[in-house]
Every structure is written in structure tokens, then in C-alpha cells.
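# Next input, structure requested:
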Amino acid sequence: MLRQVQYNAGMNFLTTHWIAAALNQKPEGASKPLTLLSSDTRELKPGSVFVALKGETSDGHDHVEKAKAAGAIALVHRKDFKCPEGMISFPADDTLQAFRQIAGAWRREFTLPVIAIGGSAGKTTSKELLAALFRGKFKNVLQTLASQNGFQGVPTTLLRLRPEHDAAVIEVGIDEPGSMIQHLELVAPDAGLLTSIGPEHLEKLIDEDNVEKEEGILFQVLSKRAGLAAVNLDDPRIARQASEQLPDNLKLTYSLKSKSNVRAKLLTEGEELFIDVDGLSTKKTERFAVPLEGAHNALNLLGAIALAHGLGLSVEEMRKGLTTFTPPPGRSEVHQWRGCKVLADTYNANPASVTAALETLFTGKSAGDTWVCLGDMLELGKFEEKMHRGLAEPILQHGVRHVFLFGPRMKMLEHELRKRSFSGSLHHYASQEKLADDLRAQAKAGDRILIKGSRGMKMENVWKALQTSVQAQ
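This is a model prediction of the structure:
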């Protein structure tokens with residue numbers, strides 16, 4: 001059950017003495033109230049504290065005067081940087097670490113349900129789904145914006161916590177060993193789930209066994225905190241981690257395939273997808289419309305429902321909340337273009353998500369052709385050739401008619417498809433513009449088109465080019 005929200009009324013929002021205490025520094029002078037803490041000068045207002053973070057392309061220390069002009073009265077900065085006169089100084093060896101330290105201290109000021117969402121794919125969608133369900137019960141739900149799930153994004157989200165929040169849904173992403181525990185030390189989750197475990201960021205995580213070990217730390221932390229975990233039994237790695245890390249009283253299992261605490265059956269009616277869910281109420285079956293295409297998104301919805309149910313939400317509250325769901329940009333977007341159905345799933349890509357997208361493309365009956373436009377899958381380390389070539393199997397199994405590829409790694413898939421005598425049209429492109437031109441010239445009404453690739457490949461440019469072609473007509 002969800003706990004009653006409490007707030008430490010003794011802390012009047014941020015103060016300079018509170019920041020000093022969070023950083024284990026000696027406070028200077030009288031304590032002053034602070035209105036906001038941010039690393040973004042665009043957000044600052046009078047009475048703010050600015051944290052000067054160094055990014056890949058910019059350094060916050062170069063914008064301190066701009067922050068001061070915007071009203072910042074305090075500064076977290078490198079020790080070798082001279083704080084401007086009139087600003088309260090908080091020097092640090094590493095400003096990102098200081099930022100995270102402050103965020104962890106801020107999180108500990110609040111007693112409210114905080115849910116962590118992890119996994120190799122589907123995190124952002126699941127986070128949005130769970131937050132929507134919560135809105136059926138609560139007025140104010142804090143959630144991670146977009147995919148701010150890394151070393152800067154997690155503390156940024158936590159520092160948005162305010163007394164009016166009733167619950168928080170925090171997305172956590174991993175890209176190297178040790179990242180999960182560092183995130184969870186800040187988040188201090190009361191409940192959570194892992195969406196899936198598969199190949200992700202293998203340049204540093206090396207292989208799926210390491211991914212499993214790293215993601216499974218969420219279950220370890222929940223076990224120590226006596227927090228509830230929703231467990232996806234359809235993913236064998238997640239099921240194994242839950243079995244090893246969690247006692248039975250702290251897990252609620254869900255599945256589309258096997259016996260579980262909360263289980264569902266997929267139903268397709270025309271172009272609409274539903275799940276009939278058992279285990280939520282005295283009524284045998286509760287039906288929910290899946291607001292996104294694909295069986296993988298039905299499973300994401302089921303996981304969110306299972307966790308919300310375990311935390312005490314009623315079916316009526318969940319249905320009410322689900323009406324507020326808005327699909328995250330770049331994920332399973334469905335569009336109509338010149339009579340074609342376009343699935344633009346351009347935010348990220350790995351072998352599991354590409355396979356799921358192919359399955360989604362072939363859901364339902366259509367007499368038209370299928371066009372699969374793929375950009376490189378990035379950060380797969382030593383497995384990148386094997387995994388790009390491996391996409392040939394689901395493409396051949398589904399009977400895809402046209403394959404358009406972009407990026408140097410997709411050359412590997414092109415070679416594999418030719419090696420296996422792919423009978424459809426197959427082209428590799430040096431530019432997204434040419435790919436879009438050929439798609440525009442050849443696709444016809446009734447066809448289905450998939451556009452997908454890793455974030456760095458910017459495959460949304462293909463969809464933008466198609467939209468531009470329609471507007472120009």
C-alpha cells in the first residue's frame with residue numbers, strides 16, 4: 001500500500017546552510033533562503049543557486065556571469081574557479097558529484113512513494129504509463145522528464161521534488177558497471193520494476209550477463225528497503241534475478257505467457273490492442289486498451305498495472321489515470337502518410353527493440369507491402385557485427401518486402417541479407433535524404449513503414465523528410 005506523504009516542515013525549502021550541510025561544508029554567515037537549484041541558466045530566477053557542470057560541449061563555469069545576472073545568489077563551482085563577488089561560494093572537487101550529493105540529501109527530506117523504473121528497453125514508456133496510472137489517484141505526480149535517466153538526469157529529477165508531490169516515478173538508466181547502485185543510492189526507491197534485460201551499452205557493460213547483474217541491483221536494493229517489485233516473468237533474466245534477490249513477500253509477478261500473480265491475454269480487434277487482465281479484483285477479468293502499438297507495449301502496460309495494483313490503486317483509479325497517458329516522443333509513434341501506416345520508433349534501437357518493432361509492424365492484416373528503414377544500433381561493443389547481422393533472421397521470418405538501410409554498421413546487415421538470398425528490394429544509403437526520396441517515390445497507399453535506429457543516428461530525419469514532402473504538395 002502507498003504510504004501517507006510526509007514532509008519535513010522544519011526545512012523551509014532550500015537554504016544556504018542546508019546546501020552547506022548537504023556538502024559537508026561549514027556554513028558561512030547567516031542562512032539565506034534559496035528559491036531554486038539548477039545547472040541550467042535558463043531556469044534560474046532571483047534567489048537561485050547555480051551548479052556549474054561541465055558537459056561534453058560546454059562548461060557551466062563559462063556561464064556564471066549569466067547565472068548571476070539571472071538572479072543566482074549562490075554557486076557550486078570547481079575549487080580552482082574564483083567565485084564572483086556577491087555570490088555565496090560552494091567549492092567542490094567535482095561539481096557533478098556535488099550536484100548528486102545535494103540531490104540525494106534533498107530526496108531524504110521527503111517521505112513519499114518513490115518508484116524506480118529500470119531495464120534495457122521500454123523504461124521511458126513504462127515510466128510514462130505508471131505515472132499516468134498514478135494520476136488516477138494522486139493530484140501531483142513527479143516523473144522523469146523525457147529520458148533524463150543518467151548521472152545528471154536522475155539528480156535533476158530528484159531536485160524537482162516539492163511538498164505538494166504525492167508520489168514520484170524515476171527512470172534509471174545504466175551505461176557502465178556501478179551506475180545502477182549510484183543512481184539508487186540517490187533515488188532510495190520504495191518500489192520498482194525492470195522492463196527487460198538485453199544487450200545495452202555493451203561497450204562498457206561487455207555482455208548480457210553483466211547487464212543482468214547490473215540491472216538486478218534494483219531488486220537487491222528493494223529487498224534491503226523492504227520495497228515492492230513487479231517482476232516480469234516473460235523475461236528469463238529478470239525472473240532469475242527476482243528469484244535470487246527478492247523474498248516472495250516483496251514481489252508481484254506478471255506475465256502474458258505464464259501463471260503469475262497478475263496475468264493477461266492479448267486481444268486484437270481491428271487495429272486496436274487490448275489486454276484482459278486477471279488478478280486485479282474479485283471480478284475475473286478487467287480489460288484495458290493498450291495506448292501504444294505492439295505486444296511489447298502491452299507487456300509494459302501490464303507491468304505498470306501490476307505495480308500500481310500492488311501499491312494499492314484500484315482498477316477504477318488506474319483506468320482514470322490511463323486516459324491521461326501521452327506517448328513519449330520517438331517511441332512507437334504511429335502516423336498516416338499518403339495512405340501508408342508509418343511506425344516511427346526512432347529514439348533508440350537494440351536487437352530486442354528492433355525485433356519487437358518488426359512484430360508490431362506485422363500486427364493486423366494488410367495487403368500492402370512492408371518497408372523497413374533501419375539506422376545503426378550503437379554501443380554494442382564487440383558484438384555489433386553479430387547483432388547487426390542477426391537482424392536478418394526476423395526480417396526473413398516476417399517476410400519483409402523492402403529493406404532500406406543507413407549507417408556503416410547496417411552494411412553488415414546488408415551483407416548478411418544478400419548472403420541469405422533476400423528476395424525483396426535491398427538498398428544501403430549514404431544519406432537519409434536519398435533514403436527518404438526513394439521511399440517517397442516507391443511506397444504506395446496501404447503499405448506499412450518502419451523507421452528505427454539508435455538515438456545517435458537521428459532516423460527521425462527520415463520521417464521529417466516524408467512529412468515535408470506531403471506539405472510541399
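# In contact with the residue most central in space within the chain, which residues?
By Cα atoms, centre = their mean, the chain has its centre lying nearest to Thr124, at 2.6 Å. Residues near Thr124 by Cβ atoms under 8 Å, 6 or more residues apart in numbering: Thr144, Ala146, Ser147, Asn149, Glu171, Pro328, Arg331, Tyr347. (C-beta placed from N, C-alpha, C; glycine too.)
# Could you pick out the buried ones from the residues you listed?
Buried residues within the contacts of Thr124, defined by neighbour count using 16 or more other Cβ atoms under 10 Å: Thr144, Ser147, Asn149, Glu171, Pro328, Arg331, Tyr347.
# which residues are contacting stretch 329-341?
Residues contacting stretch 329-341 (Cβ under 8 Å, 6+ apart): 124-125, 146, 292-294, 297, 327, 342-347, 357, 360, 366, 368, 443-449, 460, 463, 466-467, 470.
# Just the CA trace of it, in CSV.
Extracted in CSV, the C-alpha atoms of stretch 329-341 (Å, rounded to 0.1, in the frame of the first residue of the first chain):
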residue,chain,number,x,y,z
PRO,A,329,8.2,11.3,-28.5
GLY,A,330,10.1,9.0,-30.8
ARG,A,331,8.7,5.8,-29.3
SER,A,332,6.2,3.7,-31.1
GLU,A,333,4.7,6.7,-32.8
VAL,A,334,2.1,5.7,-35.4
HIS,A,335,1.4,8.1,-38.3
GLN,A,336,-0.6,8.1,-41.5
TRP,A,337,1.3,9.3,-44.6
ARG,A,338,-0.2,9.2,-48.1
GLY,A,339,-2.3,6.3,-47.1
CYS,A,340,0.6,4.4,-45.5
LYS,A,341,0.9,3.4,-41.9
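# got a pLDDT number for the closest residue to His61 other than its chain neighbours?
Excluding its sequence neighbours, the residue lying closest to His61 (Cβ to Cβ, 6 or more residues apart in numbering) is Ala52, at 4.6 Å. pLDDT recorded at Ala52 is 97.
# In this structure Ala52 contacts Ala72, no?
No: taking contacts as Cβ atoms under 8 Å, Ala52 lies outside contact range of Ala72: 10.1 Å.
# Of the two, which one has the most company?
Higher neighbour count among Ala52 and Ala72: Ala72, with 28 against 24, using other Cβ atoms under 10 Å.
# Can you report how many residues lie near the closest residue to Ala191 other than its chain neighbours?
With sequence-adjacent residues excluded and distances taken as Cβ to Cβ, 6+ apart, Ala191 is closest to Leu228, at 4.3 Å. Residues near Leu228, counting by other Cβ under 10 Å, number 24.
# ok, now how distant is Leu228 from Gly118?
Remark: distance between Leu228 and Gly118 (Cβ to Cβ, to the nearest Å) = 15 Å.
# same question, Thr355
21 Å.
# Could you do Ala226 as well?
Here the criterion is Cβ to Cβ. By it, Ala226 lies 18 Å from Gly118.
# Domain boundaries for the chain, per the record?
Domain segmentation of the chain under automatic domain parsing yields 6-103, 112-322, 333-472.
# out of those domains, deepest packed?
domain 112-322 (a mean of 20; mean count of other Cβ atoms under 10 Å).
# Please report how far Gly118 lies from Asp59.
30 Å.
# all strands of the stretch 251-400 of the chain, in order?
Assigned by DSSP state E, counting those that start in this stretch, the stretch 251-400 of the chain shows strands spanning 251-255, 262-269, 272-278, 286-289, 333-337, 340-345, 370-375.
# now these in a markdown table, with distance to Thr95 and mean pLDDT?
As requested, these are exported to a markdown table (distance: least, Cβ to Cβ, whole Å; pLDDT from 0 to 100):
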| stretch | distance to Thr95 | mean pLDDT |
| --- | --- | --- |
| strand 251-255 | 39 | 98 |
| strand 262-269 | 43 | 93 |
| strand 272-278 | 45 | 94 |
| strand 286-289 | 44 | 96 |
| strand 333-337 | 36 | 91 |
| strand 340-345 | 36 | 93 |
| strand 370-375 | 34 | 97 |
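# C-alpha coordinates for the helix ranked longest in the chain, PDB please?
Counting by DSSP state H, the longest helix found in the chain is helix 295-310. C-alpha atoms of helix 295-310 as PDB (Å, rounded to 0.1, in the frame of the first residue of the first chain):
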ATOM      1  CA  ALA A 295       2.800  -6.700 -27.800                       C
ATOM      2  CA  HIS A 296       6.000  -5.300 -26.100                       C
ATOM      3  CA  ASN A 297       4.000  -2.200 -25.100                       C
ATOM      4  CA  ALA A 298       1.100  -4.400 -23.900                       C
ATOM      5  CA  LEU A 299       3.700  -6.000 -21.600                       C
ATOM      6  CA  ASN A 300       4.900  -2.600 -20.500                       C
ATOM      7  CA  LEU A 301       1.400  -1.600 -19.600                       C
ATOM      8  CA  LEU A 302       0.800  -4.900 -17.700                       C
ATOM      9  CA  GLY A 303       3.900  -4.200 -15.600                       C
ATOM     10  CA  ALA A 304       2.800  -0.700 -14.700                       C
ATOM     11  CA  ILE A 305      -0.700  -2.100 -13.900                       C
ATOM     12  CA  ALA A 306       0.800  -4.800 -11.700                       C
ATOM     13  CA  LEU A 307       2.900  -2.400  -9.700                       C
ATOM     14  CA  ALA A 308       0.200   0.200  -9.300                       C
ATOM     15  CA  HIS A 309      -2.100  -2.600  -8.100                       C
ATOM     16  CA  GLY A 310       0.400  -3.800  -5.600                       C
END
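# In the protein, where is pLDDT below threshold?
1-13, 364-366, 469-473 (pLDDT under 70).
# Looking at strand pairing, list the partners for the closest residue to Lys284 other than its chain neighbours.
Among residues not flanking Lys284 along the chain, Asp278 sits closest, at 6.4 Å (Cβ to Cβ, 6+ apart). For Asp278, the beta-bridge partners under DSSP bridges are Arg263.
# who touches Asp278 in this structure?
Taking Cβ under 8 Å, 6+ apart, one finds Val262, Arg263, Ala264, Lys284, Thr285, Glu286 in contact with Asp278.
# Sweet, I'm off.
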